[in-house]
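Student: Have a look; sequence and predicted model below, questions after that.
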Amino acid sequence: MHLVIHHIRFCVKDSVEFSLLLRDKLGFSLYGNRKSNNANCTSGIVLRHNNITFVIDERNHSANGPSDHLCSGNLSQNVDTVCDICFACTNIPSFFVEHPQLTKELVVAPVTENHLTDGIVSYAVIKSPIGNLQHTLIDLSKFKGAFLPGFETYDHQSMNNYFESIDHIAYALNTGRSQNVLKWYRELLGFTRLFINQDDDEEDGFVVKVGSKGMRLKAAHASVVDHCNTTQDLLYSTPKFVVCESLNASAQSDQIGLFLSKHLSEGVQHIAFKTNDIIKSVSHLQSHGLNCISPPNSYYLNKSKSAEIQALKFDKNLLQSHNVLVESHLRSCASKSDEWFILQCFTRPVFPEDTLFFEVIQRYQTNSGFGAGNITALWKAVQHDMFKKKC
């Protein structure tokens, strides 16, 4: 099954406030709203930034959507959270025939087909293996509407261009859960293992350890095809997930443990936006008051890192002033085809519970790396920040 991310749906206490944050600080534009007979309804706000689409719903809000489950539901949450990652695909009935392990307990909504003025929309909703997260599978190959049935859309020609698409999504998991989660995505949705770097072991993953604390990372992605099923496929991102778990199951003083305790379950820890100009993107965030995590000064003073930055012909002071981390693979030979680099920046949490945050990532000649050295530097920076807050 070929999957692309159609939209990500959030469930928050105040949909207007979170929407304003995304619009004012990250440059999202209002793209649409869920149709409602209630003039005061503030749920079902659709925001778009280039090829990224978010739907903002309110917690414990009974949405009057086009059906009981299409882009609605799963709103009985105790914290602000990502509640649905929607995949656009085709031939959903065959998916259920091929996967009899999808029992009634795992199916939120069976395959439903809606015949509308703008065409036919087929969808189903299943529970994910991640805490409160569900996945909507939707077939829009015979639908000519702008977004989804039950929504009205607006002109979005003046959208900003700070981010291109969703690069990856990271999950925070309980210790020991990563293997089973990746198995679920592999067996049901056809994901394959994506190795973070040469130190990423098939079983153990990539381990970041600082002192007695640390985390294990593993990654996977959906199948990539050379053709698109529909023209809409060109607009969306191939799903790529990173799963993170603490090395110590009893640890509540590290980042993953803190997320789990504040989020009250496993869930989406961060969403990474792909950009082709990270300085421009981060400058926008900074100028609009969205703070980013500052790496320790030692990161930029390190001799090997300074040499790496110099070899890439980047301005070290410019990178440091924008909190941008660098990871590269450079060779001295004439051929440049196997050289790559990644630039990354991480925002501070955007929810009141200090859980979800965003990442901005710029890639050159690599789609699989996640900046292993940068992850270690970020871990140290966040742990240091957490320690300062306690003091």
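Tutor: Yep, that arrived.
Student: Could you use CA atoms for every contact and neighbour count after this?
Tutor: Fine.
Student: tell me the SS of residue 241?
Tutor: Following DSSP: H, G, I helix; E, B strand; the rest coil, residue 241 is assigned to strand.
Student: What sits closest to it if chain neighbours are left out?
Tutor: residue 169 (4.9 Å; CA to CA, 6 or more residues apart in numbering).
Student: can you list contacts of the helix or strand containing that neighbour?
Tutor: For residue 169, the element it lies in under DSSP states H and E is strand 165-173. For strand 165-173, contacts defined as CA atoms under 8 Å, 6 or more residues apart in numbering pick out 50-52, 130, 236-237, 239-246, 256, 259-260, 266-275, 361.
Student: can you check stretch 279-293 too?
Tutor: Stretch 279-293 has contacts (CA under 8 Å, 6+ apart) with 24-26, 162-163, 275, 319, 322-323, 345-348, 360, 378, 381-382.
Student: Check stretch 120-140 too.
Tutor: Stretch 120-140 has contacts (CA under 8 Å, 6+ apart) with 69-71, 74, 77, 82-92, 106-115, 141-143, 171, 173, 181, 184, 265-267.
Student: now, which of those lie within strands?
Tutor: Applying DSSP state E to the contacts of stretch 120-140, the entries found in strands are 82-88, 107-115, 141-143, 171, 173, 267.
Student: Quick check: can you list the domain ranges of the protein?
Tutor: The record assigns the chain these domain ranges, following automatic domain parsing: 4-153, 165-390.
Student: Just say which of those domains is most tucked in.
Tutor: The highest mean neighbour count among the domains of the chain, using mean count of other CA atoms under 10 Å, belongs to domain 4-153: a mean of 19.
Student: Any idea how far apart the tips of it sit?
Tutor: End-to-end distance for domain 4-153, by CA to CA, to the nearest Å: 21 Å.
Student: Can you give the distance from that domain to the centre of its chain?
Tutor: Domain 4-153 sits 15 Å away from the centroid of its parent chain (CA atoms, centre = their mean, to the nearest Å).
Student: cool, stretch 348-360 as well?
Tutor: The answer for stretch 348-360 is 12 Å, by CA atoms, centre = their mean.
Student: Likewise for stretch 356-364?
Tutor: How far stretch 356-364 lies from its chain's middle: 9 Å, per CA atoms, centre = their mean.
Student: Can we start the residue count at 26 from this point?
Tutor: All right, first residue 26 from here; so that's stretch 381-389.
Student: Need the contact partners of that stretch.
Tutor: With CA under 8 Å, 6+ apart as the test, stretch 381-389 has contacts from 106, 188, 192, 293-303, 306-307, 365-376.
Student: For residue 81, pull up the helix or strand it's in.
Tutor: Going by DSSP H and E, residue 81 is in strand 77-83.
Student: That strand - contacts with which helices or strands?
Tutor: When contacts are defined as 3 or more CA pairs under 8 Å, 6 or more residues apart in numbering; DSSP states H and E, strand 77-83 packs onto strand 29-37, helix 40-51, strand 70-74.
Student: Which elements pack onto the second one?
Tutor: Using 3+ CA pairs under 8 Å, 6+ apart as the contact criterion, the elements in contact with helix 40-51 are strand 70-74, strand 77-83, helix 303-312.
Student: CA atoms only for the longest one, dumped as PDB, please.
Tutor: What follows is the C-alpha trace of helix 303-312 in PDB, where atoms were taken according to Å, rounded to 0.1, in the frame of the first residue of the first chain:
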ATOM      1  CA  ILE A 303      17.000  26.900   7.200                       C
ATOM      2  CA  ILE A 304      18.400  30.300   8.000                       C
ATOM      3  CA  LYS A 305      15.400  32.000   6.400                       C
ATOM      4  CA  SER A 306      13.000  29.600   8.200                       C
ATOM      5  CA  VAL A 307      14.600  30.000  11.600                       C
ATOM      6  CA  SER A 308      14.900  33.800  11.200                       C
ATOM      7  CA  HIS A 309      11.100  33.900  10.800                       C
ATOM      8  CA  LEU A 310      10.600  31.800  13.900                       C
ATOM      9  CA  GLN A 311      12.900  34.000  16.000                       C
ATOM     10  CA  SER A 312      11.500  37.300  14.700                       C
END
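Student: Can you name the element that comes right after it?
Tutor: Past helix 303-312, further along toward the C-terminus, the next helix or strand under DSSP H and E is helix 322-326.
Student: Now do stretch 234-254: everything it contacts.
Tutor: Against stretch 234-254 from outside (CA under 8 Å, 6+ apart): 26-28, 115, 166, 203, 207, 214-221, 225, 229-233, 259, 263-273, 276, 279, 281, 401, 405.
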